[in-house]
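> I need the structure of the sequence given here:
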Amino acid sequence: MEGLLAFLQENLWIVLFMLLVCVLIIKSIRSNLKWLPVVALVGGMLYFGFQHEPAEILEAEAVAAEEAAAAAEAEAIDKLASHTDYVYEEDSDGQFVIKGKSDQRINVKGAINGKTVTIIDGDKEMEVGRSNNKLRAFINLIEMRSD
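Numbers count the residues shown, from 1 in each chain. This next block holds a predicted model:
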């Protein structure tokens, strides 16, 4: 019911136009078939109204998803920073890999000059922007240690 009310509020002009069309159909057509398009229009509006998700709910879901992603990113970076024994390796393709010596499940890989890196924790992979100061400091520290 909440979706229907939100649909009516967000699409008020469409609803008013559909009501006008229904009134015109009822007034202009003299046979009993006039009710067929009216029922179809009203039924369609009710269907889309009940299927409608209010914009506030969609925005709240998007914000919650962004917050969850940020929390997961922060947790992965904190987990990386909690260990100190890593090996930094570069290959000829301009890619690097940071592997844990004792814990082989935690790895970081990406392009040397890339904007993102991939943090691999067991079977989970997360792409993280290199603009994160803590991640950038971690990568620079491990890279300096390997030289």
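
> what count of nearby residues applies to Ile142?
19 (other Cβ atoms under 10 Å). For the C-beta atoms, the positions are set from N, CA and C on the backbone; glycine is no exception.

> all the strands of this protein, residue numbers only.
86-90, 95-100, 106-111, 116-121, 124-129 (DSSP state E).

> which residues does Met126 contact?
72-73, 76, 118-119 (Cβ atoms under 8 Å, 6 or more residues apart in numbering).

> now the residues you listed in a markdown table, with pLDDT, distance to Gly3 and neighbour count?
Below are the contacts of Met126 laid out as a markdown table (pLDDT from 0 to 100; distance: Cβ to Cβ, whole Å; neighbours: other Cβ atoms under 10 Å):
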| residue | pLDDT | distance to Gly3 | neighbour count |
| --- | --- | --- | --- |
| Ala72 | 78 | 30 | 15 |
| Glu73 | 78 | 33 | 17 |
| Ala76 | 76 | 36 | 20 |
| Thr118 | 84 | 39 | 14 |
| Ile119 | 82 | 38 | 22 |
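
> widest-spaced pair of those?
Between any two of those, the greatest separation by Cβ to Cβ is 13.4 Å, found for Ala72 and Thr118.

> Leu46 touches Leu4, doesn't it?
Yes - taking Cβ atoms under 8 Å as the definition, Leu46 is a contact partner of Leu4 at 7.1 Å.

> what about the two, which has more around it?
Leu4 (16 against 12).

> hang on, isn't the more buried one packed against Phe48?
No - counting by Cβ under 8 Å, Leu4 sits too far from Phe48 to count as a contact (9.1 Å).

> scan the protein for its longest helix.
Secondary structure of the chain per DSSP state H: the longest helix is helix 55-82.

> to what extent is the residue nearest to Ser146 when sequence neighbours are not counted buried, counted in neighbours?
Nearest residue to Ser146, sequence neighbours excluded (Cβ to Cβ, 6 or more residues apart in numbering): Tyr88, at 3.8 Å. Using other Cβ under 10 Å, Tyr88 has 18 neighbouring residues.
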